[in-house]
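Undergrad: sequence first, then the predicted structure:
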Amino acid sequence: MKKNLKQKVVIIFGVLIVFLYGAFFGFDAPNLGGSDPLLKKLTRHIHLGLDLQGGVHLILQVQVKEAVNTETDNTLARIEQDLKAAKVSFSQVLKPDPTKPELIRIEGVNPTQSGAAREVLDSKYSNEYDVAGGGADGAFTVTMKPNIEKALDDRTVQNTIEVIRDRVDTLGVAEPVIQQYGLGDNQILVELPGISDIDRVRTIITSTARLEIHAVEGGPYPDEQAALASVSGSLPPDQELVHGSASMGNGSDADSVYILKRVAIVAGTDFRSADPGTDQNTGQRTVHFTLTNEAGDKFWEYTSANVGHSMAVVLGGRVKEVANIESAIRDSGEIRGSFSQDEVTILSKMLRTGALPASINYLEDRTVGPSLGADSIRNGITAAVVGVLLVMVFMLVYYKGSGINADLALFLNLVILLGFMGFSGATLTLPGIAGVILTIGMGVDSNVLIFERIREEMRAGKAPSAAVDQGFAHAWTTILDTHVTTIVSAAILFLFGSGPVKGFAVTLTFGLAANLFTAVYVSRVIFDTHVNNLKAGEAVSI
């Protein structure tokens, strides 16, 4: 009995047309009439990974202790305010050990007020800090809890990854890899395909560009000795020495020292946007900034109460500008200084994307040259082409006419895989090419299972149509099992692997899914068409 296969044939040709379109044009319909060669159209929508087109490979380590230090600095300032609000007298609040940023010490509390001080510390800080002390010496220690510190470390690494990702977007990199690196503590892997200027990448990514505005307590002084002499040789714990230019805005390189309040009025995370510009009167390069609503209210409160006082703009640990507060400022302002064009551009980018929560150390950096990528592409494509041709020849020789069936299914499998990559804009890596080659092998394996089963049924004396039906029916379960188990393995590689390994997992997974369609559905339709055209008593060429 002949089968009506028109609907199935239409479906197969429809799938072929859709994925051919995806392979050569993707979603870029306006270029249908372009004059580019077909090979160029084919490669336009398939992004090449770092190992194929070259690029930058970095392994970074986040200095999470800096984030802990910043957090406890803010806590220190809040403790001072809360104790003053509760009318508790004390001599100083400080961090006594620079190697232990999680530790804060309150000294000089009047013994008669120890209970009030303890109540303030327990009620407001006991969820995140361990509070101890309060004896006759009038001292308390406030120590960040280990679980809170660990959560802060993890959050710092994740925030750093997000900031780096935002900054990489400004570089226009296609399919970058930015993720936590599992081989060490607080490490990040960054891979940027198609980028060759590693110095620019380092500047954009790892610059803390932490812009802060501090109250000025004194300066400028010619050196640190002079600055310390102005405070009788002992710097108060809530103040710090910061170097900067002696003549702000005049391009002078002479160094000077300022005494600033340690805790910033506003910091990098308080900035909502920033744009580079030029002052029309002086020609100085400037950065116009806008603060978040909360930071704007805080800035307004401070500047309203300190008209006539000075404040310093600190960038990267150096004073870039000292300004006199002439009137209250709310949520926007302008930074002027002796910036170069690159400094202004980078600073505005950094403030738009947010400051890194901590600085970064380089553990590894290297550039993969495009020539190495070209060799990988050439060798990979050569291996794939030779493999496909040898497999096709083998199938034709060993399975005779049915080998044409297998070769057609194999060709359609490759078209579907390339079409998928074109539609999705997936990144092709060298392991991804290996995934394509493995898909070819799995496709041939499926055909071998089916063909051998059909041979067995024919040796048992069954008619061609019954042999084909039984061959596909019995081989289907085995084919499904092998494909599902391999797809599960590929899914695990995708979840836990790095960029190139993920590329292998993606191409292998979709290649196997395409193979289920071609080896079972397409190959069956071709066999049924062949059986329909057989004369009475004629055997299948297999």
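TA: Now that the structure is in, tell me what you want to look at.
Undergrad: any idea which residue sits dead centre in this protein?
TA: For the chain, the residue nearest the mean C-alpha position is residue 178 (3.0 Å; CA atoms, centre = their mean).
Undergrad: so what's residue 399 up against?
TA: Neighbouring residues of residue 399 by CB atoms under 8 Å, 6 or more residues apart in numbering: 406, 447, 451, 542. For glycine as for every other residue, the C-beta is placed from the backbone atoms N, C-alpha and C.
Undergrad: again, 6 Å this time
TA: Neighbouring residues of residue 399 by CB atoms under 6 Å, 6 or more residues apart in numbering: 451, 542.
Undergrad: over to residue 277?
TA: Contact partners of residue 277, counting by CB under 6 Å, 6+ apart, are 286, 288.
Undergrad: would you say it is within a helix?
TA: No - counting by DSSP: H, G, I helix; E, B strand; the rest coil, one finds residue 277 to be strand, located in no helix.
Undergrad: pLDDT score for it?
TA: You'll see residue 277 listed with a pLDDT of 81.
Undergrad: could you show me where the strands are in the stretch 1-150 of the chain, in order?
TA: Remark: strands assigned in the stretch 1-150 of the chain by DSSP state E, counting those that start in this stretch are 47-48, 55-62, 92-94, 103-107, 129-133, 140-144.
Undergrad: between those strands, which one is nearest to residue 387?
TA: Closest approach to residue 387 among these (CB to CB): strand 47-48, 20.4 Å.
Undergrad: and the strands of the stretch 1-150 of the chain as CSV, adding distance to residue 231, mean pLDDT and mean neighbour count?
TA: CSV is the format used below for the strands of the stretch 1-150 of the chain (distance: least, CB to CB, whole Å; pLDDT from 0 to 100; neighbours: other CB atoms under 10 Å):
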stretch, distance to residue 231, mean pLDDT, mean neighbour count
strand 47-48, 59, 70, 22
strand 55-62, 34, 87, 23
strand 92-94, 14, 90, 16
strand 103-107, 19, 93, 20
strand 129-133, 28, 92, 17
strand 140-144, 26, 94, 20
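Undergrad: could you look up the SS state of the residue nearest to the centre of the chain?
TA: Assigned by three-state DSSP, the conformation of residue 178 is strand.
Undergrad: wait, isn't it in contact with residue 165?
TA: Yes - at 5.0 Å, residue 178 counts as touching residue 165 under the criterion of CB atoms under 6 Å.
Undergrad: stretch 14-24: which residues count as buried?
TA: Within stretch 14-24, the residues scored as buried using 16 or more other CB atoms under 10 Å are 15, 16, 19, 20, 21, 22, 23, 24.
Undergrad: that older thread, separation between the residue nearest to the centre of the chain and residue 134?
TA: Residue 178 is 47 Å from residue 134, where distance means CB to CB, to the nearest Å.
Undergrad: and the top strand by length along the chain, what does it pack against?
TA: Among the segments of the chain that qualify as a strand by DSSP state E, the longest is strand 211-221. On a contact count with 3 or more CB pairs under 6 Å, 6 or more residues apart in numbering; DSSP states H and E, strand 211-221 meets strand 255-261, strand 310-315.
Undergrad: and of those, who's closest to residue 395?
TA: Judged by CB to CB, the one of the helices and strands packed on strand 211-221 that comes nearest to residue 395 is strand 310-315, at 66.8 Å.
Undergrad: that older thread, dump the helices and strands packed on strand 211-221 to JSON lines, plus mean pLDDT, distance to residue 488 and mean neighbour count.
TA: Output for those, formatted as JSON lines (pLDDT from 0 to 100; distance: least, CB to CB, whole Å; neighbours: other CB atoms under 10 Å):
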{"stretch": "strand 255-261", "mean pLDDT": "92", "distance to residue 488": "58", "mean neighbour count": "21"}
{"stretch": "strand 310-315", "mean pLDDT": "85", "distance to residue 488": "51", "mean neighbour count": "23"}
